[in-house]
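Q: Build me a model:
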Amino acid sequence: MKLENYIRSIPDFPKKGILFRDITTLLSEQKAFRKAINDLAKMLKGKKIDYIVSAEARGFIFGGALAYKLNCGFIPVRKPGKLPYKTYCHSYALEYGKDSLEIHKDAFSKGSKVLVLDDLLATGGTALALAKLVEKLGGKIAAIAFLIELKGLDGRKKMKKYPTYSLIKF
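A: Alright, predicted model coming up:
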């Protein structure tokens with residue numbers, strides 16, 4: 001089973017010139033979704049991971065499922081004003097705009113080994129923002145992983161400081 005066959009490509013979304021890789025088609029297929037989680041777990045075998053950090057919303061889907069599979073904690077990172085306790089915030093550039101993310105200041109203890117996980121690596125802004133938040137809390141980046149990597153946007157270059165993995169490359 002080739003996971004890329006379960007990704008739908010939508011031109012000009014969310015704006016003209018963007019080719020959006022839609023994962024909802026993969027999520028709706030039980031065998032494909034299960035394979036994606038199992039393949040991510042295999043890819044990260046041997047990494048000591050205490051927590052998975054993912055950003056809303058699609059990152060939550062994979063982060064929660066993979067945390068269950070790897071028997072580790074899951075830390076949700078959200079848009080500003082969505083977390084109920086004291087937070088750190090990091091602003092960053094996206095492929096088509098700007099955004100900010102927040103993490104609870106007490107999300108994990110210093111020295112924790114953290115996997116940064118997202119559904120897609122494009123320009124690398126979101127993953128790098130997640131990594132910076134993890135490091136601000138004193139966490140150690142065990143790895144950064146993605147379901148999909150868009151090679152033409154060179155986001156991996158921003159991740160050169162970290163072990164970086166992706167299942168599907170377009």
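
Q: residues in contact with the residue nearest to residue 119 when sequence neighbours are not counted?
A: Once flanking residues are discounted, residue 119 sits nearest to residue 58: 4.2 Å by CB to CB, 6 or more residues apart in numbering. Every C-beta, even on glycine, is put in place using the N, C-alpha and C of the backbone. By CB atoms under 8 Å, 6 or more residues apart in numbering, residue 58 lies in contact with 23, 118-120.

Q: Turn the residues you listed into CSV, including neighbour count.
A: Listed next are the contacts of residue 58 as CSV, based on neighbours: other CB atoms under 10 Å:
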residue, neighbour count
23, 23
118, 24
119, 22
120, 23
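
Q: And the residue nearest to residue 119, what's its pLDDT?
A: Per-residue pLDDT puts residue 58 at 93.

Q: And residue 18, by the same measure?
A: pLDDT recorded at residue 18 is 87.

Q: can you count the residues close to the residue nearest to residue 149 when sequence neighbours are not counted?
A: In space, and not counting its chain neighbours, residue 149 is closest to residue 166: 3.6 Å by CB to CB, 6+ apart. Residue neighbour count, defined by other CB atoms under 10 Å, stands at 22 for residue 166.

Q: Repeat that for residue 160.
A: Counted with other CB under 10 Å, residues neighbouring residue 160 total 8.

Q: again, but for residue 3
A: With other CB under 10 Å as criterion, residue 3 counts 18.

Q: ok, now which ones touch it?
A: With CB under 8 Å, 6+ apart, residue 3 has these contacts: 26, 32, 35-36, 39, 147, 167-168.
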